[in-house]
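Participant: fold the following for me, if possible:
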Amino acid sequence: MSPTVSNTGFIHRFIPGNDPARKPLLMLHGTGGDESDLLPLGSRLSPGAALLSPRGKVLENGMPRFFHRLAEGVFDEADVKLRAGELAGFIAEARQTYDLAAPIAVGFSNGANIAAALLLMHEGALSGAILLRAMTPLSEPPTTRQAGVPVLVLSGMMDPIVPADNAATLVQALETVGHKVEQQVLPAGHNLSQTDLTLAAEWLTRFGA
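Facilitator: Purely as a prediction, here's the structure:
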């Protein structure tokens, strides 16, 4: 299936669901991924769920990302805010186009970071999120309380990219605005493990319907 370009400019793919009991998943790839990258993961985590998968608009050395960074682990925070707003607009458009409920984000690395920005700044854009190897996207995150949604944060104990204290800061920021956060720190690096998939699927069984 060829990708589609939305009015908001996001190249994306949409896979209709066949299980109306399952919430749609918003699949957000890491650096260098694209709109097809995480579709197999989405189908594995929540069989029968609708899948919406945009490609990040920013290019870094030819690799798609969801926002600019200044260096490894150093984000252009003005761009984070801009791109999170663009992504929230895409979600709203896609929900109307495809007749979707608010999705659960499943983001890996850079995709998890933009999902975290959505959770902090755009109340109602998501009905939940699974953040795989996420960092806090903002040095001074908002503190305004929201109607919180469930969030699963899966961090790697040996992750060379995401320091443990950074992941803990993200969890605290998400809890401050009202989200219901579960975090597990796994004996893993930045790449995903089978344990990640098992825990994410179990979490979706609880919150994905």
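
Participant: use CA for all of it now, contacts and neighbours both
Facilitator: Noted.

Participant: now do the contacts for the nearest residue in space to residue 56 that is not next to it in sequence.
Facilitator: If the residues on either side of it in the chain are set aside, residue 56 comes closest to residue 66, at 4.2 Å by C-alpha to C-alpha, 6 or more residues apart in numbering. By C-alpha atoms under 8 Å, 6 or more residues apart in numbering, the residues touching residue 66 are 55, 56, 57, 58, 83, 110, 111, 114.

Participant: check which residues of the longest helix along the chain are buried.
Facilitator: Secondary structure of the chain per DSSP state H: the longest helix is helix 77-98. Buried positions in helix 77-98, judged by neighbour count with 16 or more other C-alpha atoms under 10 Å: 77, 80-81, 83-91, 93-95.

Participant: what about that helix, average pLDDT?
Facilitator: Averaging pLDDT along helix 77-98 yields 98.

Participant: mind giving me the packing neighbours of that helix?
Facilitator: Here helix 77-98 touches helix 110-121, going by 3 or more C-alpha pairs under 8 Å, 6 or more residues apart in numbering; DSSP states H and E.

Participant: in the chain, where is pLDDT below threshold?
Facilitator: 1 (pLDDT under 70).

Participant: ok, which stretches of it are helices?
Facilitator: Assigned by DSSP H, the chain shows helices spanning 39-45, 77-98, 110-121, 164-176, 194-207.

Participant: switch those helices over to JSON lines; also include distance to residue 129.
Facilitator: Shown next, in JSON lines, are these (distance: least, C-alpha to C-alpha, whole Å):
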{"stretch": "helix 39-45", "distance to residue 129": "13"}
{"stretch": "helix 77-98", "distance to residue 129": "14"}
{"stretch": "helix 110-121", "distance to residue 129": "7"}
{"stretch": "helix 164-176", "distance to residue 129": "11"}
{"stretch": "helix 194-207", "distance to residue 129": "9"}
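
Participant: out of those, which gets nearest to residue 154?
Facilitator: Nearest to residue 154, of all the helices of the chain, is helix 194-207, at 6.9 Å by C-alpha to C-alpha.
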